[in-house]
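>>> can't give you the sequence, but here's the structure:
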């Protein structure tokens, strides 16, 4: 589950926020399996989509995270969840997207890391209302 500014999000919803106001993020990972899962790393990566197949991830002058954009999850037991909080601060107006990825963070495995990517979250940063 993904909440942006307290509102549930999926790939069909555009969340609007104002430039200069921190936007709270909440990501909840629920384990619906019968076994414990983890460890994982949760990474949030903002980007702009130029609608021509190009994604711009070089946004350090347009967006900043309040806190970290990576969280480490030890283990999530069956039927339990783990919730992570953060915030984004938009410095310029525009349409932005947020990639949210979980990947295994277990270096004792011989297999490549597996990834679980959630649908991108669409956030529109607008001018503050005077």
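Yes, it's here. Keep in mind it's a predicted model, so treat the numbers as computed, not measured.
>>> Report pLDDT for residue 111.
Residue-level confidence at residue 111 comes out at 42, pLDDT.
>>> Can we start the residue count at 256 from this point?
That works, and once the first residue is 256, the last one we named lands at residue 366.
>>> so which strand or helix has residue 356?
Per DSSP states H and E, residue 356 falls inside strand 349-359.
>>> ok, that strand: who's next to it in the sheet?
Pairing partners of strand 349-359, with direction, according to DSSP bridges: strand 295-304 (antiparallel), strand 370-381 (antiparallel).
>>> Ranking the ones you listed by mean neighbour count, which comes first?
When these are scored by mean count of other C-beta atoms under 10 Å, the highest mean neighbour count falls to strand 295-304 (a mean of 18). Quick note: C-beta positions are derived from backbone N, CA and C, even for glycine.
>>> For that strand, which outside residues touch it?
For strand 295-304, the external contacting residues (C-beta atoms under 8 Å, 6 or more residues apart in numbering) are 280, 282, 284, 310-312, 314, 317-318, 320, 324-328, 331, 339, 341, 343, 349-360.
>>> what about burial for these, which qualify?
Using 16 or more other C-beta atoms under 10 Å as the burial test, the contacts of strand 295-304 include 280, 282, 284, 314, 317-318, 324, 326, 328, 331, 339, 341, 343, 351-355, 357, 359 as buried.
>>> re the thing from before, output the strands paired with strand 349-359 in a markdown table; the columns should cover mean pLDDT and distance to residue 259.
Converted to a markdown table, those look like this (pLDDT from 0 to 100; distance: least, C-beta to C-beta, whole Å):
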| stretch | mean pLDDT | distance to residue 259 |
| --- | --- | --- |
| strand 295-304 | 87 | 11 |
| strand 370-381 | 79 | 6 |
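>>> Identify whichever of the ones you listed lies nearest to residue 262.
In this view, those are compared for proximity to residue 262 by C-beta to C-beta, and strand 370-381 is the closest at 10.5 Å.
>>> Which positions in stretch 279-296 come out as buried?
Within stretch 279-296, the residues that count as buried by 16+ other C-beta under 10 Å are 280-282, 284, 286, 292-293, 295.
>>> Mind telling me the two of the residues you listed farthest from one another?
The distance between the two most remote of those (C-beta to C-beta) is 21.6 Å, for 280 and 292.
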